[in-house]
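1. no FASTA, just this:
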């Protein structure tokens, strides 16, 4: 009934916990597609070992060259033949009722997409829960777009919708570009108050360090959504730009540089298309600190944004 796609690159050290969490699932009608991205360690051999010994229905694929997570996920998506599909990163893991809860949300509500919250877990076992919604059950389209759910690992979706929405190869920000397009193609949505996905924050993870390359990818992600998101949902389209360009991209920019000129150019680009963006009603759904940052951006107080970004980096570390 469910396919789980897991992209893998140099994760022989971490993936056992991920696979163990699948073995422990209370719902067992699922398949696993592991896609090795031409790892330079013994990850591929370890995946073949897991295929032979775990007792799970596992397919192991390998890219011909290192291609990035979007290409790996797309390879798995195209192989999926179940009703639903979901994702897990190889160093993360599910709570035991992840699959059961998500399938029940979809089936009981005749929904096309289901969302859950997650926990951030560090190397010392400390965790912080981040629920995606305050209740469980069917939610409206408007409520779905207000969710702070920018990761494919926080959702389960009908496979036919996913196959029609393959990921762009951005290397950073492909989830942010893809999730809104899935929402636009879905008709019914459900969410749970439970935090069922465990995101492992590694101190040596390159993805945790803001870089100009990440900024460039986020800009590409924003432009990809603007090009591909249907104009019939113009307020949602505007809000996605507010979240992804004016907040995420600019806070990342000032986390790794003091490039005020680029920040001004991005703001001007956005305001040329959406001159009245500050009146978007979806902004009220954002957390207070994000609304404060957006206010600073709108006033071009980039020095303050830079200071907040630096403090944010210190807190996250």
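-> In hand now; what should we look at? Keep in mind that this is a model prediction, so the values were computed, not measured.
2. Against residue 165, how distant is residue 235?
-> Distance from residue 235 to residue 165, counting by C-beta to C-beta, to the nearest Å: 21 Å. All C-beta spots, glycine's among them, are computed from the backbone N, C-alpha and C.
3. out of those two, which sits in the busier spot?
-> residue 165 (20 against 15; other C-beta atoms under 10 Å).
4. Torsion angles phi and psi at that one?
-> phi -140, psi 60 (degrees, to the nearest 10).
5. cool, the one 10 residues further on as well?
-> With angles defined as degrees, to the nearest 10, residue 175 sits at phi -70, psi -40.
6. Which residue, other than its chain neighbours, is closest to the most centrally placed residue in the chain?
-> Nearest to the geometric centre of the chain sits residue 151, at 1.3 Å (C-alpha atoms, centre = their mean). Spatial nearest neighbour of residue 151, chain neighbours left out: residue 175 (5.0 Å); criterion: C-beta to C-beta, 6 or more residues apart in numbering.
7. Could you do residue 163 as well?
-> With sequence-adjacent residues excluded and distances taken as C-beta to C-beta, 6+ apart, residue 163 is closest to residue 77, at 6.0 Å.
8. so the one you found touches residue 86, yeah?
-> No: assessed by C-beta atoms under 8 Å, residue 77 is found out of contact with residue 86, at 10.9 Å.
9. quick one: which of the two has more around it?
-> Between residue 77 and residue 86, counting by other C-beta under 10 Å, residue 86 is the more crowded of the two (27 against 21).
10. OK, contacts around the residue nearest to residue 187 when sequence neighbours are not counted?
-> What sits nearest to residue 187 in space, not counting adjacent residues and going by C-beta to C-beta, 6+ apart, is residue 112, at 5.7 Å. By C-beta atoms under 8 Å, 6 or more residues apart in numbering, the residues touching residue 112 are 106, 157-158, 161, 185-189.
11. re earlier: gap between the residue nearest to residue 151 and residue 150?
-> Residue 175 is 6 Å from residue 150, by C-beta to C-beta.
12. Between the two, which is the more surrounded one?
-> residue 175 (22 against 18).
13. where are the low-confidence patches of the stretch 201-317 of the chain?
-> 203-208, 315-317 (pLDDT under 70).
14. Off-centre distance for the top helix by length along the chain?
-> If you go by DSSP state H, the chain has its longest helix at helix 212-228. Helix 212-228 sits 14 Å away from the centroid of its parent chain (C-alpha atoms, centre = their mean, to the nearest Å).
15. do stretch 1-8 as well
-> Counting by C-alpha atoms, centre = their mean, stretch 1-8 comes out at 15 Å from the chain centroid.
16. who touches that stretch?
-> Against stretch 1-8 from outside (C-beta under 8 Å, 6+ apart): 15, 18, 22, 27, 29-37, 39, 43, 47, 69, 72-73, 76-77, 79-90, 99, 103, 156, 159.
17. Equivalent analysis for stretch 94-111, please.
-> Taking C-beta under 8 Å, 6+ apart as the rule, stretch 94-111 contacts 1-2, 21-22, 24-27, 30, 84, 86, 88, 112-114, 116, 136-138, 156, 158, 186, 188-192, 194-198.
18. Quick one: the helices in the stretch 1-150 of the chain, in order.
-> 15-23, 43-53, 69-79, 98-108, 141-146 (DSSP state H, counting those that start in this stretch).
19. The longest strand belonging to the chain pairs with which strands?
-> Longest strand in the chain, counting residues (DSSP state E): strand 189-200. Strand 189-200 has its sheet partners listed here by DSSP bridges as strand 93-94 (antiparallel), strand 113-121 (parallel), strand 137-139 (antiparallel).
20. Can you list the buried residues in the last one?
-> When neighbours are counted by 16 or more other C-beta atoms under 10 Å, the buried residues of strand 137-139 are found to be 138-139.
21. Could you measure from residue 268 over to residue 34?
-> From residue 268 over to residue 34 (counting by C-beta to C-beta), the distance is 44 Å.
22. Many thanks, we can stop here.
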